[in-house]
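Peer 1: With the sequence up front, the predicted model follows.
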Amino acid sequence: MQDTGPLKEFLGSQMPAALEMLRQMVGINSFTGNRDGVNRLSRFTAECFAPLGFSAEFVPSANQAWGNHLVLTRRGRTERSIALVSHLDTVFPPEEEIRNNFHWQPEGDRIFGPGTHDIKGGSVMMWLVLMALRARAPKLFEDITWKLIWNSSEECYSPDFGDVCRAHFSPGTLGALVFESEGRLGNESRLVVARKGRGTWRATVSGRGSHAGGKHEHGANAIVQLGRVVQRIAALTDYARGLTVNVATISGGTVLNRVPHEASAEGEFRTFTPEAFAQAKTGLLALAGPGDVRSPADGFTCEVRVEILTESRPWPRNPGTDGLYKLWKEAADELGLAVNWEERGGLSDGNLIWDAVPTLDGLGPYGDNDHCSERSPDGAKLPEFVEVSSFVPKAMLNFVAIQKLCGASV
Ligand SMILES: [Zn+2]
């Protein structure tokens, strides 16, 4: 067990600078669709890490409406490399921040504001940990080749970021550490070791329109057909296998005196295992083809089309992640911190990279109310916040665990 007093003291001394960095990051609106804002934040972030010896590469997103991904590199004396992963974007458009008066607002141990927790607090955590490593473990800091990689558009579907990461991981990569928010249960911190995958789908029915008064029997009602199809889609949910299928939107028809010729529904499915993911896809696609709603006049049959729109693969439990978690758990035990693992329903960039290098997530600070910007006078609605006192202990945990990660491989 090492004497962690000086480490704690060092991190405490860096907190004013860390919070000032966070304040400035939160002040830059970086809604995914705000390309200029995301690019401004990426330049600011590069400046924050430049004094630590990092050089910046701005990688255009596959979607030209979005900002650049950011890759910062610090070449080490060895081939061994560690990747730290975060994202630049938030879910809050500028208008929403103004409407809800949602901005940097410290209140006791909490700081409210867009991205304080998801995930600008995580980006600042990366800076704190690297500052501590340079000051307190200089040999390790100089030996390792550090890759810091920010997704410009994590809050939307951006599979190209997985390719950006893979292109920058070297064969000597010991692990990818993702700085999304920490989970909590009671006073126990939860690190993320698995995440559900998510697929999105659309079902479209083409029927045959007709005059609802004069030629009703000539119609093949697309809405009636879609009603049957969405029942079957909903029935694909299999809680025992951790598979949920959600019918989320539905539309069809035009005016009341027409038998509708078209209707469509969209939704998503989520699951932890690749097998259940494949099962859901197969089940959805099997519903395509001729339907069972027909025109009474001549048997014209509705046609059902099913498309899988996007696929974010599951991040299942795996030995690489479990190996990293073991090191963080050992570090927590040494530091006297209560740490456990969780399998989380929401996606992160971990889903894109877990099978390329060992990946662990949930390494950012603690906070709550992610993706919320409203505040009601009675406090029943509170916006996103980060807990200031969670930074130092979590940075200590990451510091000690990274030492173990490097030690374990020499
Ligand atoms: Zn996030």
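Peer 2: Cool, got the structure. Numbers count the residues shown, from 1 in each chain.
Peer 1: Helices of the stretch 301-410 of the chain, start to end?
Peer 2: Remark: helices assigned in the stretch 301-410 of the chain by DSSP state H, counting those that start in this stretch are 319-335, 350-353, 391-408.
Peer 1: Let's have those helices in TSV, adding mean pLDDT.
Peer 2: Formatted as TSV, those follow (pLDDT from 0 to 100):
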stretch	mean pLDDT
helix 319-335	98
helix 350-353	96
helix 391-408	95
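Peer 1: Mind putting those helices into CSV with distance to the ion?
Peer 2: For every residue, glycine as well, the C-beta is placed using N, CA and C. Shown next, in CSV, are the helices of the stretch 301-410 of the chain (distance: least, C-beta to the ion, whole Å):
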stretch, distance to the ion
helix 319-335, 18
helix 350-353, 11
helix 391-408, 16
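Peer 1: Tell me which of the ones you listed sits nearest to Leu284.
Peer 2: helix 350-353 (19.6 Å; C-beta to C-beta).
Peer 1: tell me the helices in the stretch 101-250 of the chain, going along the chain?
Peer 2: 120-136, 138-143, 160-168, 222-234.
Peer 1: Spit out the contact partners of Arg136.
Peer 2: Applying C-beta atoms under 8 Å, 6 or more residues apart in numbering to Arg136 gives the contacts 6-7, 10, 399.
Peer 1: tell me which of these is nearest to the ion?
Peer 2: Phe399 (22.2 Å; C-beta to the ion).
Peer 1: ok so, going back, the contacts of Arg136, buried ones only, as a PyMOL selection?
Peer 2: Listed next is the PyMOL selection for buried residues among the contacts of Arg136, using 16 or more other C-beta atoms under 10 Å:
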select buried, resi 7+10+399
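Peer 1: So which of the helices of the stretch 301-410 of the chain is the most surrounded?
Peer 2: Highest mean neighbour count among those (mean count of other C-beta atoms under 10 Å): helix 350-353, with a mean of 24.
Peer 1: Run the chain-centre distance for it.
Peer 2: 9 Å (C-alpha atoms, centre = their mean, to the nearest Å).
Peer 1: again, but for stretch 271-283
Peer 2: Worked out by C-alpha atoms, centre = their mean, stretch 271-283 lies 20 Å from the chain centre.
Peer 1: in the protein, which residue is closest to the centre?
Peer 2: Ser348 (2.7 Å; C-alpha atoms, centre = their mean).
Peer 1: And that residue, how far from Ser210?
Peer 2: From Ser348 across to Ser210, the span is 49 Å (C-beta to C-beta, to the nearest Å).
Peer 1: For stretch 145-161, output the C-alpha coordinates as CSV.
Peer 2: Provided in CSV are the C-alpha atoms of stretch 145-161 (Å, rounded to 0.1, in the frame of the first residue of the first chain):
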residue,chain,number,x,y,z
THR,A,145,2.7,6.7,-25.8
TRP,A,146,-0.5,8.5,-24.9
LYS,A,147,-3.4,8.7,-27.4
LEU,A,148,-6.3,10.9,-26.3
ILE,A,149,-9.2,10.5,-28.7
TRP,A,150,-12.4,12.6,-28.7
ASN,A,151,-15.5,11.8,-30.7
SER,A,152,-17.1,14.9,-32.2
SER,A,153,-20.6,13.2,-32.4
GLU,A,154,-20.9,10.5,-29.8
GLU,A,155,-24.5,11.6,-28.9
CYS,A,156,-25.6,10.7,-32.5
TYR,A,157,-24.8,7.6,-34.4
SER,A,158,-21.1,8.0,-35.6
PRO,A,159,-19.6,4.6,-36.4
ASP,A,160,-16.7,6.2,-38.2
PHE,A,161,-15.3,7.1,-34.8
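Peer 1: Mind listing what's buried along that stretch?
Peer 2: Neighbour-count burial for stretch 145-161 flags 145-158, 160-161 (criterion: 16+ other C-beta under 10 Å).
Peer 1: Would you mind checking which of those residues is nearest to Ser181?
Peer 2: Out of the buried residues of stretch 145-161, the member with the shortest distance to Ser181 (by C-beta to C-beta) is Glu154, at 12.5 Å.
Peer 1: Now that closest one: closest residue in space, sequence neighbours ignored.
Peer 2: Nearest in space to Glu154, with sequence neighbours left out and distances taken as C-beta to C-beta, 6 or more residues apart in numbering, is His87 at 3.5 Å.
Peer 1: per-residue confidence at that neighbour?
Peer 2: With respect to pLDDT, His87 scores 98.
Peer 1: what's the span of stretch 106-120 from first residue to last?
Peer 2: Its start and end residues considered, stretch 106-120 measures 15 Å (C-alpha to C-alpha, to the nearest Å).
Peer 1: Show residues contacting it.
Peer 2: Against stretch 106-120 from outside (C-beta under 8 Å, 6+ apart): 19, 22, 25-26, 29-30, 86-87, 90-92, 97, 102-105, 121, 154, 179-181, 364-365, 367-371, 373, 375, 382-389.
Peer 1: Give the buried residues for it.
Peer 2: 110-120.
Peer 1: Rebuild those residues as JSON lines, extending it with pLDDT and distance to Ile308.
Peer 2: Shown next, in JSON lines, are these (pLDDT from 0 to 100; distance: C-beta to C-beta, whole Å):
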{"residue": "Arg110", "pLDDT": "98", "distance to Ile308": "41"}
{"residue": "Ile111", "pLDDT": "98", "distance to Ile308": "40"}
{"residue": "Phe112", "pLDDT": "98", "distance to Ile308": "38"}
{"residue": "Gly113", "pLDDT": "98", "distance to Ile308": "37"}
{"residue": "Pro114", "pLDDT": "97", "distance to Ile308": "32"}
{"residue": "Gly115", "pLDDT": "97", "distance to Ile308": "31"}
{"residue": "Thr116", "pLDDT": "97", "distance to Ile308": "35"}
{"residue": "His117", "pLDDT": "96", "distance to Ile308": "32"}
{"residue": "Asp118", "pLDDT": "95", "distance to Ile308": "27"}
{"residue": "Ile119", "pLDDT": "97", "distance to Ile308": "28"}
{"residue": "Lys120", "pLDDT": "98", "distance to Ile308": "33"}
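Peer 1: From the contacts of stretch 106-120, list just the buried residues.
Peer 2: By 16+ other C-beta under 10 Å, the contacts of stretch 106-120 give 19, 22, 25-26, 29-30, 86-87, 90-92, 97, 102-104, 121, 154, 179-181, 364-365, 367, 369-370, 373, 375, 383-388 as buried.
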